[in-house]
Structures are given as C-alpha cells and as structure tokens.
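here are the coordinates; sequence isn't available:
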DNA sequence: GTGACGTAAAAGTCATACTTAAAAATGCGC
DNA sequence: GCGCATTTTTAAGTATGACTTTTACGTCAC
C-alpha cells in the first residue's frame, strides 16, 4: 500500500487521525462529531476540519447533516475499496478480518486475471514475470523473506496489470498489502512453501505460452494455498 | 447505483460537474485547474471549490500542488472502485469500456460469492433467493423487462451479501448498475434468455441445499452468458 | 395527544487577510 | 556561457468573523 503517511497539509493530519479511529470502531455508528469540537481538539481552523470531513464523507465513513452534526456511519456503508480505508483497517484491530476478506477477494480475482494475462500479456510482461518467478526461486531459501516478498508482490502486480482489465489492475496494491501483511505477521523464520514457488514458475510459463486454462488453474492453486495458510494462523 | 444526484450543498454541485467531466476525459491528464478560475466559473466561494477539490483528490482524479494548481491525474491512477467514479464513467463516453471491465470483474467475483453463499446463507436469505428466482420466471415473458430486472438485481445482491464477505457484498451496487445498464441498452424488446432464468432457479436451489460446488459452477455459467451477450453487442 | 409554530443549534457559505511552499526568474561568480 | 545560490512571485493553504440555511426540538393552542 502506498505510504501516504501524514500526507501534506493540516487536513491530511486530521484525516490520518480520524480515519483510523473511525475504521477501528472507536466511534460506534451513530456517534456525533461536532465541527467546533474537532476544531478545538486538533487546534486548527474550521476550513481544515471541514475539508477533512468532506473526505471522510466521500469515503462514506461519516454523514454530515445540518443541525445534527457529523455522524459516524455503520461499517456496512463504508467504501471498503478505498485504498486508504483498506490501509487503516489493516493497521487497526480489524486487521485479521480485513486480511481474510481481502484474501477471499484475491482468490476470486487472481485466477481470472491470470487467465486473461495468458491472452493479453506483452512479451515484456512475460519476461518480467519469468524474471520475478526466478527471483522467487533464488530467494526462497535461507531467511531472505524480504527479497522474496519483493519478487512475489511484483509478480502478482504484473499478472493483474497484464490481464488488461483496469479493475483487476487496481487491486495490485491490495494484493501487495495482503502479501506484505502475511509475511510480516507470519512466522518470519519459515521459508516460503516450495510448492508455491514452483506454482509461480509454472504460472509464468503458462502465461508465456498463452495457456489461459492452465494459468488460471495454477493461480487458483496458489490462492487456495494462501487461504489454507490463513486458516492455520487465524483465530 | 444509488442516485445521489446533485447531492446537497454547493460543493456537491461543483463535484457533479467536474467529476463527470474529468472521468469523461474532457480534461486530459496534466490539465491544470486553478482555484480562482473555478471560483468564477461556478460563481461560488473559495471554500466550496476547495472542498470539491478535496473530494476529487481523495478519488485520485486530481492532485493539488502549491504554486502549480490542481492537475488532472491519468486514468490509471483513478480510484476506479469509488461508486461515484463508476457512476460517472457509466454515464459518460467511456461507458462501453466500463461496462465491459465491470462484467469481467463480475465474472470473477460472483461464482466465488455463490459458492460461499451456499455455505453461509441464512434460511431467510435462501427464501428470498428462491422468491426472486420465481419472480424472474414469472416476469421472463411478455415485455416485463423492468419487473424482471428488479428480481434479477435483488437476486444477485442477495448472493453477494450472503457470501458473508464484506468486499463481495459491497459490489452489489456495481452488479446492479451493470444489469440495469445491460437491460436499458439492450434490445429492450427481447425477453430474457430462458436458459439464464433456469440457471438462476438452479442457483437458488443449490444455495438452499448447501451445494457450494454446484452454486459456483451454475453462477459461472450465468456470468459466461453475460460476457457472451456483451460480446454480441459491443464494438 | 396532535398539530402548527417559533426558537435555536449546527452545518453551510462567503469574503478577506495572511502564511507557506515551490517554481521560475534573477543575479553572481567563475 | 554555465552553474549555483538568491530573490521574487504565484497559487494553494490556513485562519477568522460575519452571515445564511436547514431542521430538530420544545412550546403552546386546540
């Protein structure tokens, strides 16, 4: 996930404080925030608070109504595909749930993307794919998890992009976040599953020769593995 | 798609003017919008413009930099999952492309959702599913496309919700938009494909008895049909 | 109790003054 | 003429006070 950090400007600072708090459930649905209260709390002007509120509103995290105030909306109404919302939830107490739902999404999307990639990938993309698969092999043993992760995320990002579907392509950050989260939460000592590494190599090959069926099936195996892995860890 | 229309407030009015224009490609990437110029154009105060800009910025449609202005970002950077962005693009010249990419997304997600629904659907949801499948049968003949559409969208929305995955559930609006768009663009005279109607009935049944494999396979058939249908129409 | 009405509270809007960052122009030494 | 530091300038960012609009809520008459 792109680290926008505190962003620039005061409104971003307010946003980076309220956003995580709301998505963490610190303000139950229906909670009312008053503008002038926030003004004092953050010691900034109305302008700044209002702009932050507008952004939260566009994420459907809050709704602003006259004579009432800014009310926190229930989680079911949030724009859960907003990269920032995803980032905040991954950083908060809802992390396990979020990681799980994203992995399920990934399981649905990535096989389809791989199938399309087999048809549409450019020679360059095929080459990069093979390259990163090789990189994964090279770094799959001996505590090189960070280097491995770089190749892994790059690999999946390329598959999603090569699918030629813009909606798939924009999930690259999400997948990267899941993979990163997985690695850093996992037993950082265990080397990656050799079977998974092999699968990646095979996917790269299937995409290269344009075998959509095979690329899809192999990718499905990868995601099934990811789901299984999550089941072992999760509560 | 939820018709937020012009929303309330002046900033929403500005947004509903700039958003569609940008997503329609009327301002090529890199185009610079100056705040005071917009102020005059819309005859509103700085506050209003700034709030609208903040929202566009949160959608990654524009980036605001000091001493430069508000620059329009390239389409690859847009938050294409934002419901409003989807709505704007569906209403603009990019409609065919958008409809296509959403249908592909749907093809990936819905079968998986149906599989999960077979495991997690509540009795109530099963009942509703059957009810709407019946409704589709009842309205599938004799120019009742509007009534049919109501059942169709409800059906798919329930499947997505019943999957128990929040990310899937939030695609309900998207699927509804695609179905609606399909119906209203299509030959509004042709009755729905009887095979598709039957498939919906069978999906409802599979979900009811908890046959995940079958629910997934049948839903895949539905989405394959939707893709094929699109291929016939599209340029 | 119900309905009309008035009040007040909070968001929304506007205008203006001021601050800050950074692009661009300027000037200086070499 | 070229490179680098310095100043200038521009447009966004912030702060503030005055005013408008919507609307929840309490009041009063019936």
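Now that the structure is in, tell me what you want to look at. Everything quoted here is computed from the prediction, not taken from an experiment. Residues are numbered from 1 along each chain as shown, chains lettered A, B, ... in the order given.

Identify the residues contacting stretch A:127-135?
The list of residues contacting stretch A:127-135 from outside it, by CB atoms under 8 Å, 6 or more residues apart in numbering or on different chains, reads A:121, A:147, A:150-152, A:154-155, A:158-159, A:162, A:200-201, A:203-205, A:207-208. To be clear about C-beta, it is placed using only N, CA and C from the backbone, and glycine gets the same treatment.

Let's see which of those residues end up in helices.
A:147, A:150-152, A:154-155, A:158-159, A:162, A:200-201, A:203-205, A:207-208 (DSSP state H).

Next one: the residue positioned nearest the centre of chain A relative to chain B, how far apart?
Nearest residue to the geometric centre of chain A (CA atoms, centre = their mean): residue A:174, 2.1 Å. Relative to chain B, residue A:174 is positioned 9 Å away (CB to the nearest CB, to the nearest Å).

Could you pull up the mean pLDDT of the host helix or strand of that residue?
Applying DSSP states H and E as the criterion places residue A:174 in helix A:172-185. Mean pLDDT, computed over helix A:172-185, is 88.

right, is the strand or helix carrying residue A:106 up against chain B?
Secondary structure assignment for residue A:106, by DSSP H and E: helix A:95-120. Yes - Helix A:95-120 is in contact with chain B by CB under 8 Å from any CB of the partner chain, via A:101, A:102, A:104, A:105, A:107, A:108, A:109, A:111, A:112, A:113, A:116.

same thing with stretch A:12-30?
No - Stretch A:12-30 lies out of reach of chain B by CB under 8 Å from any CB, never closer than 8.7 Å.

Any buried residues in that stretch, and which?
Residues of stretch A:12-30 classed as buried by neighbour count (16 or more other CB atoms under 10 Å in any protein chain shown): A:12, A:13, A:14, A:15, A:16, A:18, A:19, A:20, A:22, A:23, A:27.

what does stretch A:156-166 contact?
Residues contacting stretch A:156-166 (CB under 8 Å, 6+ apart): A:109-110, A:112-114, A:116-117, A:120-122, A:125, A:128-129, A:132, A:168-169, A:171-172, A:175-176, A:179, A:203, A:207, A:219, B:75-76, B:80, B:101, B:104-105.

Quick check on those residues: which are buried?
A:109-110, A:112-114, A:116-117, A:120-121, A:125, A:128-129, A:132, A:168-169, A:171-172, A:175-176, A:179, A:203, A:207, A:219, B:80, B:101, B:104-105.

ok, now which ones touch residue A:11?
Counting by CB under 8 Å, 6+ apart, residue A:11 makes contact with A:48, A:49, A:51, A:52, A:55, B:54.

go again using 7 Å as the cut-off
A:48, A:51, A:52, B:54 (CB atoms under 7 Å, 6 or more residues apart in numbering or on different chains).

Next secondary structure after the helix or strand harbouring the third one?
Secondary-structure element containing residue A:52, defined by DSSP H and E: helix A:46-58. The helix or strand immediately downstream of helix A:46-58 is strand A:62-65, counting by DSSP H and E.

how about that next one against chain B, any contact?
No - remark: strand A:62-65 sits outside contact range of chain B, by CB under 7 Å from any CB of the partner chain, the gap being at least 8.8 Å.

And the contacts of the helix or strand that that strand is followed by?
Using DSSP H and E, the helix or strand that follows strand A:62-65 in sequence is strand A:69-72. Here strand A:69-72 makes contact (CB under 7 Å, 6+ apart) with A:22, A:27-34, A:53, A:62-65.

overlap between those residues and the residues near DNA strand C?
When contact is defined as CB under 7 Å from any atom of the strand, these meet DNA strand C at A:33, A:34, A:53, A:64, A:65.

Poorly predicted segments of chain A, please.
Along chain A, the parts satisfying pLDDT under 70 run over A:1-7, A:186-189, A:233-235.

one step back: and the buried ones among the contacts of stretch A:156-166 near DNA strand C, which?
Among the buried ones among the contacts of stretch A:156-166, proximity to DNA strand C is found for none (CB under 7 Å from any atom of the strand).

tell me the SS of the nearest residue to residue A:49 once chain neighbours are set aside?
Counting by CB to CB, 6 or more residues apart in numbering or on different chains, the nearest residue to residue A:49 once its immediate chain neighbours are dropped is residue A:38, at 4.8 Å. Following DSSP: H, G, I helix; E, B strand; the rest coil, the label given to residue A:38 is helix.

if we can go back for a sec, go through the contacts of residue A:11 and give me the one with the most neighbours.
For the contacts of residue A:11, the largest number of neighbours (other CB atoms under 10 Å in any protein chain shown) sits with residue A:52, at 27 neighbours.

Surely that one is in contact with residue A:19?
No - between residue A:52 and residue A:19 there is no contact under CB atoms under 7 Å: 8.7 Å.

Redo the contacts of strand A:69-72 as JSON lines? Include distance to residue A:85.
Output for the contacts of strand A:69-72, formatted as JSON lines (distance: CB to CB, whole Å):
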{"residue": "A:22", "distance to residue A:85": "9"}
{"residue": "A:27", "distance to residue A:85": "15"}
{"residue": "A:28", "distance to residue A:85": "17"}
{"residue": "A:29", "distance to residue A:85": "15"}
{"residue": "A:30", "distance to residue A:85": "19"}
{"residue": "A:31", "distance to residue A:85": "17"}
{"residue": "A:32", "distance to residue A:85": "21"}
{"residue": "A:33", "distance to residue A:85": "17"}
{"residue": "A:34", "distance to residue A:85": "23"}
{"residue": "A:53", "distance to residue A:85": "15"}
{"residue": "A:62", "distance to residue A:85": "12"}
{"residue": "A:63", "distance to residue A:85": "15"}
{"residue": "A:64", "distance to residue A:85": "18"}
{"residue": "A:65", "distance to residue A:85": "21"}
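
Out of those residues, which is nearest to DNA strand D?
Nearest to DNA strand D, judged by CB to the nearest atom of the strand, of the contacts of strand A:69-72 is residue A:65 at 6.0 Å.
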